[in-house]
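Colleague: Quick one, structure for this:
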Amino acid sequence: MHYKAAMKIQMMVKQMSVRVMGGLVATGFLWANSALAQTPARTPVSTNMHLSGSCSKCDLSGRVMPGMSLQGSNFAGSDFSRSNLAGANLSRANLDDTSFYKAYLMRVNGVSVNLNKSILRGTTLSDVSLINSNFIYADLYKADLTGGDFTDSDFTKARMKSADAMGTTFVRTNFTKAKLDRGDFTGSNFSGAQFIFTKFGEAVVENADFTGADFSGAEMVEIVGLTQSQLDLACGSQETQLPEGYSMRVCPEKVDTQLDATSATPIPSPPAFDMMLTQKSPRPIIATRMSRRNEMLSIRSTELDDIMRGIDGALGDLPMNSPTRAKLEKTRNKIEVMQAQIGAQRE
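Modeller: Numbers count the residues shown, from 1 in each chain. Modelled structure (predicted):
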């Protein structure tokens, strides 16, 4: 069966199961603070529930609470095991070291959610939107992340063994030293992601998008479903371990130069030119059609090198989700193309 059809059926089954649980939810409007969170009873609560304030290490396991809000709250160390929180708002919530073991978190949303060291084993996280969130050291063994959006999030040293993440968005996500063994990432979007010393094991990456991804030091020998065309869009390092017969370009070295933001010389914009992608077997190359040939040839290569060093230094000081970083990376890519073209013209 085609993977998209299988994924659709899988998601429909999960949505149906959550609606059955949701049928137990009481109606009405209920506000609750941390005192309610300490109540030991396992009872359904309103879909309009809002838990506010701080309730560290509270027992909220086994509850039916879809649609509730934890926005801005502190529930570090609390236990939400096997609870139904489908559609909850978790924006800026502190859920450090919190357990969501086999909990239902379908369609939850939030920005800057702290799930550092959280337990998400067997947790349903399908169709979620958790942007710029922290999953450092999180345990996602057999978690379901199908169709979710984790753009700009941090999964450093996260354990994602046997996780299901088909069709999931991980744009610019950080997987440094994470363990992805046997996870299913079929059709997922990893554009701009970092896989620094990541262990893939037997992870499935069929039809995944790795455009601009960094695999420096990654272990990929046993990876499943990988193609050379996927690697052609990414880069790695001499330490990257690839399956036999595969190759990958080396990522540009980062210059460890510190720039003072108040005194740094502005980086000039490169001359305008058109770029087009052409296919050359067996690997694609980028060819440029110069619209200002004479002007580009007059730029000395030494000046371009200085600009590149300045950009690399600035990139080293900027966070991965910085808009300025994205602009500088785009400028750097253009300058690299310009240098290659000038070198070809001079030969």
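Colleague: can you give me the strands for the stretch 1-150 of the chain?
Modeller: Listed in chain order, the strands of the stretch 1-150 of the chain (DSSP state E, counting those that start in this stretch) span residues 31-32, 50-51, 109-111, 129-131.
Colleague: mean pLDDT lowest for which of these?
Modeller: Mean pLDDT values for these show the minimum at strand 31-32, a mean of 32.
Colleague: right, and residue 224 touches residue 207 too?
Modeller: No: look at residue 224 against residue 207 with CB atoms under 8 Å: they stay out of range, at 11.9 Å. Where C-beta positions appear, they are placed from N, C-alpha and C, glycine not excepted.
Colleague: in stretch 209-226, what's buried?
Modeller: The neighbour-count check on stretch 209-226 (16 or more other CB atoms under 10 Å) flags 209-210, 212-220, 223-224, 226 as buried.
Colleague: With distance to residue 239, secondary structure and pLDDT as added columns, please give the residues you listed in CSV.
Modeller: Formatted as CSV, the buried residues of stretch 209-226 follow (distance: CB to CB, whole Å; DSSP: H, G, I helix; E, B strand; the rest coil; pLDDT from 0 to 100):
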residue, distance to residue 239, secondary structure, pLDDT
209, 23, strand, 98
210, 18, coil, 98
212, 19, coil, 97
213, 16, coil, 98
214, 12, strand, 98
215, 10, coil, 98
216, 7, coil, 97
217, 4, coil, 97
218, 8, coil, 98
219, 9, strand, 97
220, 11, coil, 97
223, 16, coil, 97
224, 21, strand, 97
226, 18, coil, 97
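Colleague: where do the helices sit along this structure?
Modeller: Applying DSSP state H to the chain gives helices spanning 3-22, 34-37, 228-232, 293-297, 301-317, 323-346.
Colleague: now the longest one against helix 301-317, angle please.
Modeller: To tie it back to what came earlier, the one meant is helix 323-346. What separates the directions of helix 323-346 and helix 301-317 is an angle of 160 degrees, with axes from the mean of the first three to the mean of the last three CA atoms, to 10 degrees.
Colleague: Can you list the helices and strands that helix 323-346 packs against?
Modeller: Contact analysis of helix 323-346 by 3 or more CB pairs under 8 Å, 6 or more residues apart in numbering; DSSP states H and E lists strand 285-289, helix 293-297, helix 301-317 as its packing neighbours.
Colleague: Restrict it to CA atoms and write it as PDB.
Modeller: Once non-C-alpha atoms are left out, helix 323-346 reads as follows in PDB (Å, rounded to 0.1, in the frame of the first residue of the first chain):
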ATOM      1  CA  PRO A 323      15.400  35.400  10.700                       C
ATOM      2  CA  THR A 324      18.700  37.200  10.300                       C
ATOM      3  CA  ARG A 325      20.500  33.800  10.200                       C
ATOM      4  CA  ALA A 326      18.200  32.700   7.300                       C
ATOM      5  CA  LYS A 327      19.000  35.900   5.400                       C
ATOM      6  CA  LEU A 328      22.800  35.500   5.900                       C
ATOM      7  CA  GLU A 329      22.700  31.900   4.800                       C
ATOM      8  CA  LYS A 330      20.900  32.800   1.600                       C
ATOM      9  CA  THR A 331      23.500  35.500   0.900                       C
ATOM     10  CA  ARG A 332      26.300  33.100   1.600                       C
ATOM     11  CA  ASN A 333      24.900  30.600  -0.900                       C
ATOM     12  CA  LYS A 334      24.700  33.300  -3.500                       C
ATOM     13  CA  ILE A 335      28.300  34.300  -2.900                       C
ATOM     14  CA  GLU A 336      29.500  30.700  -3.200                       C
ATOM     15  CA  VAL A 337      27.800  30.500  -6.600                       C
ATOM     16  CA  MET A 338      29.500  33.700  -7.600                       C
ATOM     17  CA  GLN A 339      32.900  32.500  -6.600                       C
ATOM     18  CA  ALA A 340      32.500  29.300  -8.600                       C
ATOM     19  CA  GLN A 341      31.400  31.200 -11.700                       C
ATOM     20  CA  ILE A 342      34.300  33.700 -11.400                       C
ATOM     21  CA  GLY A 343      36.700  30.800 -11.100                       C
ATOM     22  CA  ALA A 344      35.300  29.200 -14.200                       C
ATOM     23  CA  GLN A 345      35.400  32.400 -16.200                       C
ATOM     24  CA  ARG A 346      39.100  33.000 -15.400                       C
END
